[in-house]
Structures are given as C-alpha cells and as structure tokens.
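[1] curious how this folds, go ahead:
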Amino acid sequence: MRRLIYRLIVLILFLSLLQPSHLMRAAQRSNAGKASVGWDSVPLILARIKPPVFPARDFKITDYGAVADGKTDSTEAIRKAIEACHSAGGGRVVVPIGVFLTGAIHLKSNVNLYISEGATLKFSADPEKYLPVVYTRFEGTECMNYSPLIYAFEQENIAVTGTGTLDGSATDQNWWAWNRKGANGEAPARGSIRKLLDYGERGVPVKDRVFGKGEYLRPNFIQPYRSRNILIEGIKIVNSPMWEIHPVLSTNVTVRNVKISSHGPNNDGCDPESSRDVLIEDCVFDTGDDCIAIKSGRDNDGRRVNVPSENIIVRNSTMKDGHGGVVMGSEISGGVRNVFIENCRMDSPNLDRALRFKSNARRGGFAENVFMRNVEVGRVKEAILTIDFMYETGPNGPYKPVVRNVNIENVKSASSPRVMWIASFPGAVIDDVHFVDCTFNGVETAEMMQNAGGSISFKNVNIVPAKKGSSLDSRSNWP
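    Residues are numbered from 1 along each chain as shown. You can find the predicted model right below:
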C-alpha cells in the first residue's frame with residue numbers, strides 16, 4: 001500500500017510540472033538553435049556551392065582522331081581524350097572550332113569538357129550510339145536505359161563549359177517521334193512507360209528494369225548521376241531528345257550562363273532531381289516544357305529512394321516559352337524544400353505560369369519553404385501561381401500532396417488571365433501561402449480556387465483589371 005501511495009505522489013508531482021508555462025519553456029528549449037528557413041539561409045547555401053577547379057592542361061579531341069566535318073564519328077576520339085585527361089589528373093578536354101559528330105559522352109572525375117567558341121558537338125540521332133544501357137532515371141523512375149548524351153555516374157569535379165553549342169539533333173523524324181501519336185492513336189513511348197511504371201510499382205530491382213533497344217524511352221541530354229562538384233557553364237543547348245540538364249542524386253551543382261532553346265516534347269530546361277545545393281543563375285530558357293522543374297522521384301519508386309531536392313537557388317535568369325517558369329513536380333514523391341527564386345524575368349505569350357506546383361495522390365510528396373522575390377512577369381497564359389493537385393490521376397491514390405510555406409514578394413506582372421489557379425482535393429494540404437508587396441496588372445478574370453485549403457494571405461497586393469468596367473475592380477490589399 002505504501003508503495004502505491006508513493007507512486008501516486010510521484011505521479012502528481014510530475015503532472016504538476018506539466019503546466020502550460022513549463023511546456024512552453026520545454027518547447028522553447030527543444031527549438032533552441034534551430035534556424036528558421038528564409039532568405040537569410042541563402043548565404044549559407046551559397047557558401048557550400050563551389051564550382052570545381054581544374055588543372056591547366058588541355059587535351060584537344062583532334063589530337064585523338066576527331067574530325068571537324070560533321071560526318072565522321074568522333075565518339076571514340078572523345079572517349080580517348082577524356083581517358084587521357086582523367087589519367088593525367090584532370091584538365092580540359094577541348095572541342096575546337098568546327099562540327100564534330102558524336103554518340104554518348106561519359107565524363108570522368110576531374111574532367112572539364114570545353115566547347116570552344118564556334119564549335120558544335122552534334123550528337124547522333126542513331127539510338128545505337130547510346131548503348132550499352134546505363135543506370136539512369138526516366139521521368140522519376142530508375143531503370144537501365146539508353147545513355148544520356150552526356151553522362152557521369154558517381155564522379156566528382158566534372159564540368160561542361162565554353163561558349164560553343166551542344167546540338168542533340170532531335171526532330172520529329174527521330175527522338176521526338178517516339179512521343180508523338182501514331183496511326184493507332186498512341187505514341188510509341190506509351191507502352192515502354194507503362195512497363196517502367198509497373199516495374200517501379202512492383203519494386204522490380206533496377207538492374208532488371210532493362211530498356212534501351214526495342215523500347216522507346218528517350219535519353220536526357222546532360223545527366224550527372226550520384227555525382228558531386230558539377231559545373232555547367234556558358235554553353236548553348238538545342239534540339240534535345242527530352243530533359244536538357246538533369247542532375248540526379250547529386251550535390252554542389254552550378255548551372256550558369258547557359259542558353260537553352262529546344263521546343264520538343266518534354267524539353268524541360270533544367271531538372272534538379274533528388275539533388276541538393278544547386279545554383280542556377282544568369283541562364284536563358286526557351287523550352288517546349290517547364291523551364292526549370294525541381295523533382296524527387298515518381299510514385300513508389302520515388303518513395304523507395306526517398307531523397308528530396310533541397311537548397312536550390314534560381315536567380316538572374318530569363319524564362320521565355322515553357323509550361324512554367326519555376327516548377328515543383330510532378331515527380332515529387334521524395335519532396336522538395338528550400339527553393340529561392342529572385343531577380344528573374346518571365347515573359348512570353350507561350351509561357352503558361354510563373355510559379356507552379358503539380359502533384360497528385362499517387363505522387364504525394366511535399367513542397368515547402370519556397371520563396372520568390374523581385375521577379376518581373378510579362379504575359380503568362382494561365383496564372384502567376386498554379387497549384388495543381390488534380391494533375392493526371394488527381395485524388396486517386398493514398399498519398400496526399402503538401403504545399404506549405406510559400407512566399408511571393410515584390411512580384412510584378414503585366415498581363416495574365418488570373419493571379420491564382422488552385423485545384424486540389426480534400427485531404428491534400430495547401431497552407432501558408434503569402435503574397436507581399438505585389439502588383440498584378442491586366443488580370444482578366446476571377447481566381448480559380450478549388451479546395452484551396454489553409455491560409456492564403458495578401459499584404460499590400462494590387463490587382464488591376466485588364467479593362468475598365470470589368471468584373472474585376474482595381475483592388476488594394478486584396479482580397
């Protein structure tokens with residue numbers, strides 16, 4: 001009995017300590033030292049992003065047998081130059097003036113592939129030139145497939161630089177045709193994609209997900225995979241089979257002063273996927289799909305890998321044609337966090353949105369801590385901000401997507417159908433979306449808000465209708 005009474009006394013004393021004041025102080029102690037994510041985080045991220053430096057040694061591909069006639073296959077000459085550079089401890093593999101035909105290029109550690117002014121690397125449109133298959137990701141699902149045009153696997157200190165041109169040679173007669181509907185009403189790629197998604201859903205080992213010859217999964221253009229210390233700078237990219245710059249599971253990536261003009265299907269400009277500490281600056285994107293799309297794997301295969309994309313800075317860049325200026329998703333099952341967009345210009349009658357989030361209940365995933373400021377938007381076709389959780393399969397699935405802590409500050413636009421287009425479903429989360437000090441001119445109609453969910457706030461926001469007397473009156477501090 002005495003032991004029971006003693007235990008009751010101890011319990012009462014313990015509970016007396018759990019008053020709100022004690023709980024608050026305990027919570028404060030547990031949060032001590034945890035820095036909140038905001039623009040103050042940018043210098044810390046930038047301090048970790050350091051482009052690789054290479055020894056002052058040059059290896060000209062013409063010294064290894066490459067011919068600048070645009071017809072002679074220089075693949076083997078480029079391979080030999082890369083191997084010599086790597087074996088010597090690193091340097092530049094130089095593509096001099098002229099047009100050089102090549103197949104897949106595989107970079108090795110400490111190699112900078114340098115494309116000189118007036119030089120073009122013209123990639124063959126023959127799929128055989130991208131065999132044997134390599135470990136890669138196709139639209140967020142890991143597999144063995146055709147090699148990307150420029151590929152690196154588990155390498156460090158690698159670069160593609162210069163002021164020359166990378167031409168993927170894609171047209172509607174070769175790579176792009178794989179995604180165009182045929183006489184049966186279906187694109188050749190559809191069957192291969194269904195097979196890959198089935199492998200991902202069933203958890204088939206990646207080594208057994210073999211595609212390549214006989215299948216129709218197009219290769220990406222530049223793909224560093226499980227690599228670190230990466231620089232893509234100065235080059236121009238045209239005619240890509242699909243996604244142009246696609247770092248996967250990589251760290252410390254700089255994409256700088258790159259000009260992309262490629263309007264084929266799925267021609268995203270830059271797609272950091274499950275990667276961290278990424279800087280994209282001073283670039284021009286003119287694309288057939290999203291200008292920048294931040295990703296982290298698709299459906300069950302993305303959850304299996306379970307690596308988010310995080311700490312990504314986009315600044316001083318121009319977005320022209322494209323489905324979105326900066327996009328999170330749709331392959332976002334591993335999540336996205338800490339994205340900072342500033343001092344960009346987005347303008348084209350063929351640009352659909354400025355900032356876009358897209359997912360569904362099969363993808364799930366989260367996008368949090370996304371900040372946009374000091375962005376000039378000209379004309380967009382749909383909205384300044386789009387959150388689309390009805391994308392493709394919509395609510396059909398058990399994984400509810402999340403968008404939270406989105407801050408849009410000092411964004412100005414000249415013309416758009418609306419400011420926001422939000423389509424969601426019960427159970428999905430949209431919370432803490434804030435507009436501050438923004439002016440949206442030429443707005444044509446009311447906002448589309450379907451299951452918009454949690455808090456969306458506006459401070460010092462002006463919306464100016466496209467025409468006097470329209471249903472939208474000029475408003476301040478909207479809504």
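[2] quick one: the strands in the stretch 301-450 of the chain?
    309-315, 318-319, 326-329, 336-342, 345-346, 353-358, 366-379, 383-388, 402-415, 418-423, 429-443, 448-450 (DSSP state E, counting those that start in this stretch).
[3] and among these, the most buried is which?
    strand 326-329 (a mean of 29; mean count of other CB atoms under 10 Å). For glycine as for every other residue, the C-beta is placed from the backbone atoms N, C-alpha and C.
[4] for it, which strands pair with it and how are they oriented?
    Here strand 326-329 has these sheet partners by DSSP bridges: strand 292-294 (parallel), strand 353-358 (parallel).
[5] do a quick rundown of the helices in this structure.
    2-17, 20-31, 42-48, 75-87, 189-202, 299-305 (DSSP state H).
[6] got any ranges where the stretch 251-400 of the chain has weak pLDDT?
    Scanning the stretch 251-400 of the chain for pLDDT under 70 picks out nothing.
[7] before we move on, back to that, could you redo the strands paired with strand 326-329 as TSV and give each row distance to A56?
    Shown next, in TSV, are the strands paired with strand 326-329 (distance: least, CB to CB, whole Å):
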stretch	distance to A56
strand 292-294	33
strand 353-358	42
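[8] which stretch among those strands comes nearest D268?
    Closest approach to D268 among the strands paired with strand 326-329 (CB to CB): strand 292-294, 4.9 Å.
[9] contacts for that closest one next, please.
    268-273, 280, 285, 309, 312, 314, 319, 324-329, 332, 336, 339 (CB atoms under 8 Å, 6 or more residues apart in numbering).
[10] ok, stretch 175-184 next?
    By CB under 8 Å, 6+ apart, the residues outside stretch 175-184 that reach it are 125, 168-172, 187-189, 216, 218, 241-242, 264-266.
[11] same deal with stretch 113-127?
    Outside stretch 113-127, the residues within contact range by CB under 8 Å, 6+ apart are 58, 70, 73, 82, 92-103, 105, 107, 129, 146, 149-150, 159-171, 174-175, 212-213, 235.
[12] first-to-last residue distance for that stretch?
    22 Å (CA to CA, to the nearest Å).
[13] what residues sit buried inside it?
    Under the neighbour-count criterion of 16 or more other CB atoms under 10 Å, stretch 113-127 has 113-116, 119-125, 127 buried.
[14] with distance to R345 and pLDDT added, can I get the residues you listed in a markdown table?
    Shown next, in a markdown table, are those (distance: CB to CB, whole Å; pLDDT from 0 to 100):
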| residue | distance to R345 | pLDDT |
| --- | --- | --- |
| L113 | 29 | 99 |
| Y114 | 29 | 99 |
| I115 | 26 | 98 |
| S116 | 29 | 98 |
| A119 | 29 | 98 |
| T120 | 28 | 98 |
| L121 | 29 | 98 |
| K122 | 31 | 98 |
| F123 | 30 | 98 |
| S124 | 35 | 98 |
| A125 | 33 | 98 |
| P127 | 37 | 98 |
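[15] adding distance to L44, write those out as TSV.
    Converted to TSV, the buried residues of stretch 113-127 look like this (distance: CB to CB, whole Å):
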residue	distance to L44
L113	30
Y114	31
I115	33
S116	36
A119	38
T120	39
L121	36
K122	41
F123	38
S124	43
A125	44
P127	44
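[16] widest-spaced pair of these?
    Maximum distance among the buried residues of stretch 113-127 (CB to CB): 28.2 Å, for S116 and P127.
[17] mind checking how far G182 is from V238?
    Applying CB to CB, to the nearest Å, the value for G182 to V238 is 26 Å.
[18] kindly report the same for G329.
    The value you get for G329 to V238, if CB to CB is used, is 26 Å.
[19] circling back to that earlier point, among the buried residues of stretch 113-127, which are in strands?
    Secondary structure from DSSP state E places 113-115, 119-123 of these in strands.
[20] could I get the pLDDT score of the closest residue to L131 other than its chain neighbours?
    Excluding the flanking residues, the one nearest L131 by CB to CB, 6 or more residues apart in numbering is G212, at 5.9 Å. Note for G212: predicted pLDDT of 97.
[21] quick one: contacts for G212?
    For G212, the contacting residues are 127, 130-133, 144-146, by CB under 8 Å, 6+ apart.
[22] could those residues go into a markdown table alongside distance to R373?
    Shown next, in a markdown table, are those (distance: CB to CB, whole Å):
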| residue | distance to R373 |
| --- | --- |
| P127 | 44 |
| Y130 | 41 |
| L131 | 46 |
| P132 | 46 |
| V133 | 43 |
| M144 | 42 |
| N145 | 39 |
| Y146 | 40 |
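[23] show me which of the residues you listed are buried.
    So, by 16+ other CB under 10 Å, the buried ones in the contacts of G212 are 127, 130, 133, 144-146.
[24] how about those in TSV, adding distance to D431?
    Below are those laid out as TSV (distance: CB to CB, whole Å):
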residue	distance to D431
P127	46
Y130	44
V133	42
M144	40
N145	38
Y146	41
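[25] list just the nearest of these to R226.
    Among the buried ones among the contacts of G212, M144 lies closest to R226 (CB to CB), at 14.8 Å.
[26] beta partners of that closest one?
    With DSSP bridges as the rule, M144 is bridged to Y135, V210.
[27] so it makes contact with K213?
    No. Counting by CB atoms under 8 Å, K213 is not a contact partner of M144; they are 11.3 Å apart.
[28] hang on, the earlier thing: which of the buried ones among the contacts of G212 lies at the shortest distance from Y391?
    N145 (24.0 Å).
[29] from E128, how far off is G212?
    For G212, the distance to E128 - CB to CB - is 10 Å.
[30] ditto for S415
    Noted for S415: a distance of 47 Å to E128, by CB to CB.
[31] and I45, which of the strands paired with strand 326-329 is closest to it?
    strand 292-294 (14.3 Å).
[32] report the buried residues of that closest one.
    Under 16+ other CB under 10 Å, the buried positions of strand 292-294 are 292-294.
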